Structure formats: C-alpha cells, structure tokens
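Chemist: show me how the following folds:
(one chain, ligands or ions: 1)
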Amino acid sequence: MSDDRVLRVGLLGAGTVGAEVARLMVANQVDLAARAGVGLVITKIAVRDLAADRPGIDPDLLTTDAMSIVTNPDIDLVIEVMGGIEPARTLILTAMTHGKAVVTANKALLAKHGAELFHASDLADVDFYYEAAVAGAIPILRPLAESLVGDHVERVMGIINGTTNYILTKMHETGASFESALAEAQALGYAEEDPTADVDGFDAAAKAAILAGLAFHTQVTDEDVYREGIRAITADDVSVAKAMGFVIKLLAIAEANELHGSLEETISVRVHPTMIPVTHPLASVREAFNAVFVKCESAGDLMFYGRGAGGTPTASAILGDLVAVARNRNEGSLGPTETDYADLDIAPIGVSRTRYLIRMDVADVPGVLASVASTVAQNDVSILTVRQEGRGADAELVVLTHIATEAALANTVKDLRQLDVVQRVVSVIRVEGLI
Ligand SMILES: NC(=O)c1ccc[n+]([C@@H]2O[C@H](COP(=O)([O-])OP(=O)(O)OC[C@H]3O[C@@H](n4cnc5c(N)ncnc54)[C@H](OP(=O)(O)O)[C@@H]3O)[C@@H](O)[C@H]2O)c1
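Modeler: This is a model prediction of the structure:
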C-alpha cells in the first residue's frame, strides 16, 4: 500500500478507551481498511507512564511528548482520549492548526470549550468528530446532527450517566440506601473512588450541554445546565415512588420552552433526579445502560439505547468516527460543521415546567389537608393526587402536582414550610412522563 493509501493516526491516551481503540484497530484492520477505503495505522501513542504494562501495544509507539504527535507532519489524524481540559484543549487546537482531523471522546472539554474547538476546526478546514463523548457506544450525536437535521427537535430526555443509573437501579430493586448502592457500584468498578462527577450530575450536565447544542442549534456550555445530583435521594423516596408506580432516574432534559403558545423562544437544559412511571420506556433502562429519548415535530418519539460507557463500546463510536473521517478525506470533503444559527436564550430554571411530588411530615390533626391544599393553590399550583401515609407522629402527606413552573413550586414549598401543620418538607422530586 502506498503512503497516500494510509491514514496515519496519533493516539493521545491509552487508558480504558485508548487501549481498546488501539487493540480494535489492529484486530479489525482488514475490515476497517476496506470500509474506510484506506489503511488506518497508529503511528504514535501519548501516555504519561512509559513503564506501565500495556498488553498488545508496541512499546516503540509510546511517547510522553503529546505535543510531538500533534505537530508531527507524518500524522494525519489525532484521536484524543486522554480526558480533562488541559493539555487536551491545547493539543487538539494545535493538531487542527497543523491540518489534522481530530476525533475525541472528551465531553468535559466539549461542554466547556466546544465553540472554540468548532471554530478552530472550521478555520483549519479539518474534520472534528466526537460521537463517543455522549452515551458511549450509542449513536446519538450524528442522528441529531445529520439524520434529524431536517426536523424540529422539541425535547431530548435521557439517562446519560451509567454510574447513577446503576445506583438508582440497585436502590429501586433491593431497597438499598444511596450509600450502600454507591459502595457496591464502587466495588464493581461502575463508580470512581471519588464519585463526585457522576453522583453530583457534572458528567450528565456536560453531556446535556452537548446534546442541547446539537438539538437546538445553539451554543450551550455546562454552566448553562441546571444541575442536581442523586446524593439526596433516600431509600424512602424510592419506596414512595415505587408504591405509586414510579421509578426515580437521573434525567438530562433539554427542551424548547413554551412562550405565548409557541415553542422555542428559549430552551431549558436541566439534570436532576426525576420520577417517571414504570411504564415509560426510560423506566426499563437498568443498571449502567444509557438511553436517550428524542421528541421531534415530524418524526415523533425516538429512543436510542445501549452501553453508555466502557472501553470497548466507547472505542466502537471512536472507530465509527475514524472511518467517517477517512471516507471524507478520500473524497476530498469534510463532514458537516456545527451550526449555532438559532442562538436561543437559555432560560433560568424558574421558567421550566414539570410536575412535582412533595413529601411532608405533617401533624395528624383535622384540617391539615385543607391548609396544604389552599397554600398550594395560592401559588397557582394545582394538585393531581394526595396520599396520606401513616398516622400520629409518623403522618406523611404525599402531594403530586399538575404541571407548574419551578418558580411557582419554589414559592409553594417556601409557604408550606411556614405552615404550623407541616413539620418538615421531606423531599421534592420532579415528575416526568405522565400523560
Ligand atoms: N471510560 C469510559 O467509559 C468513557 C466513555 C466515554 C467517554 N470517555 C472519555 O474518554 C476519555 C478517556 O477516558 P478513559 O476512561 O480512557 O481515561 P483513562 O483510563 O484515565 O486514560 C487516560 C489516558 O490518557 C493518558 N494521559 C493522560 N494525561 C496525559 C498527558 N498529559 N500526556 C500524555 N498522556 C496522558 C494516560 O496515560 P497513562 O496510561 O500513562 O496514565 C492514559 O493512558 C475521557 O475524555 C473520558 O471522558 C470515557
């Protein structure tokens, strides 16, 4: 094969994902070359530790000098799977200015500096692909950017963090507390020793920003995303939800807000624990699996489901991008570029509308229900159902509201806390998926 029939790849990182990319590029090289129309060869791999054991990787390919890869004229394409903001950002920008296409899985970087990276790839006339950055193996970004680009996305709602979904699945199915479900997830390798990025919703917020940007043709960063994690969810919350026919999931939701009867004056992007009916398609997404539900004006409802993380599934998405770039290069063309033409404003959380489940410890005295109902009504929130659990000192009132704004709900909860008959507002959980 002559040199122009080879696409030379520099790999930044050989950890969980990078090692699998390297392995699969060798194991599947004949098929990949046939599909790409060009041989795909790893020329150099950047790592931190040259002495680490890396089965199947030729030690001669390794370097600790990542900058030498992105400036190397013999490299055509860079796959960035080192993670983090720096040096990944500078390395990607440098690769682009040196005329190299880039494939990355780095959601944290895209959610902070996506606009800068898209602009740099446009200026340099190079491809920039990142399917693996959201929901691992699941093809969701290209469907949004290409297959659905002729439609009007109204809403994207998904389970896009496997660690929290694993924890919530265990809590739902075994009655475990958050702490013990987290400990099990850590023991099985589903959660990091420091679980903050997952359980506090940072990872899901970064992915939500990327999804929202593509769905609504607007620049969205992680700071635009309202975020609540799952640490505050108790075994009691899960058990009340279960008794009412719901399951609690950490959902990422990006949607057009309704204003004066028309959609899309502004968008909302939020990540928070959410109750959904057990009959909702997302309710059956268990353990570390991910799923994204997309509602479009013409296509209607679509759901994408699969493995949202792991070295091999994530490498699958990266190899798909790699072949796409190779094909573009054969044709002398580039893939579609990002567009933020719509430039919609991102609404504050107070504007978002959903239903809520409010759990309260109440005094077991006559008139409690009337006081609670009138306080809720005074805030323009209406009640869908009320349940009373227990009696005496253990009396708990569970109120499910109709759709209301977050601002109205916040005022309602503030006023409920002032009532003598309400001893404590135990929890407020948003509810989606009811018709
Ligand atoms: N893991 C997943 O399931 C998954 C799923 C989707 C997306 N992603 C994304 O994929 C990326 C990689 O994740 P990962 O789980 O594979 O991470 P990882 O296991 O921590 O691997 C990172 C790799 O990058 C190398 N590296 C880090 N900093 C470096 C530096 N400054 N110079 C040279 N090499 C450096 C490390 O070298 P050493 O080996 O020497 O330490 C390691 O090989 C992240 O952006 C992540 O968000 C991961």
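
Chemist: okay, now the residue in the chain that the ligand sits nearest to: neighbour count?
Modeler: Relative to the ligand, the nearest point of the chain is residue 15 (1.8 Å; CB to the nearest ligand atom). C-betas here are computed from N, CA, C, even on glycine. Residue 15 has 15 neighbours, counted by other CB atoms under 10 Å.

Chemist: and the helix or strand encompassing residue 24, what's buried?
Modeler: Secondary-structure element containing residue 24, defined by DSSP states H and E: helix 16-27. Using 16 or more other CB atoms under 10 Å as the test for burial, helix 16-27 gives 17-25.

Chemist: CA atoms of the next helix or strand after it as PDB?
Modeler: Once helix 16-27 ends, the next helix or strand along the chain (criterion: DSSP H and E) is helix 29-36. Extracted in PDB, the C-alpha atoms of helix 29-36 (Å, rounded to 0.1, in the frame of the first residue of the first chain):
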ATOM      1  CA  GLN A  29      -7.500  -3.700  10.500                       C
ATOM      2  CA  VAL A  30      -8.500  -5.500   7.300                       C
ATOM      3  CA  ASP A  31     -12.200  -4.700   7.600                       C
ATOM      4  CA  LEU A  32     -11.600  -1.200   8.700                       C
ATOM      5  CA  ALA A  33      -9.300  -0.500   5.800                       C
ATOM      6  CA  ALA A  34     -11.900  -2.000   3.300                       C
ATOM      7  CA  ARG A  35     -14.700   0.200   4.900                       C
ATOM      8  CA  ALA A  36     -12.500   3.300   5.100                       C
END
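
Chemist: and the contacts of helix 29-36?
Modeler: Helix 29-36 has contacts (CB atoms under 8 Å, 6 or more residues apart in numbering) with 7, 25, 39-40, 319, 322-323, 326-327, 330.

Chemist: which residue is the nearest non-sequential neighbour of residue 358?
Modeler: Leaving aside its sequence neighbours, residue 358 sits nearest to residue 399 (CB to CB, 6 or more residues apart in numbering; 4.6 Å).

Chemist: tell me the phi and psi of the one you found?
Modeler: phi -110, psi 130 (degrees, to the nearest 10).

Chemist: between the contacts of helix 29-36, which is nearest residue 272?
Modeler: residue 319 (33.7 Å; CB to CB).

Chemist: doesn't residue 24 make contact with the closest one?
Modeler: Yes. Between residue 319 and residue 24 there is a contact at 6.0 Å, judged by CB atoms under 8 Å.

Chemist: can you give me the strands for the stretch 51-200 of the chain?
Modeler: Counting by DSSP state E, counting those that start in this stretch, residue ranges of the strands within the stretch 51-200 of the chain are 62-63, 77-80, 101-104, 128-129, 153-159.

Chemist: can you redo those as TSV with mean neighbour count, distance to residue 411 and mean pLDDT?
Modeler: Compiled in TSV, the strands of the stretch 51-200 of the chain are given as follows (neighbours: other CB atoms under 10 Å; distance: least, CB to CB, whole Å; pLDDT from 0 to 100):
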stretch	mean neighbour count	distance to residue 411	mean pLDDT
strand 62-63	17	59	98
strand 77-80	27	46	98
strand 101-104	28	43	98
strand 128-129	25	44	98
strand 153-159	24	26	97
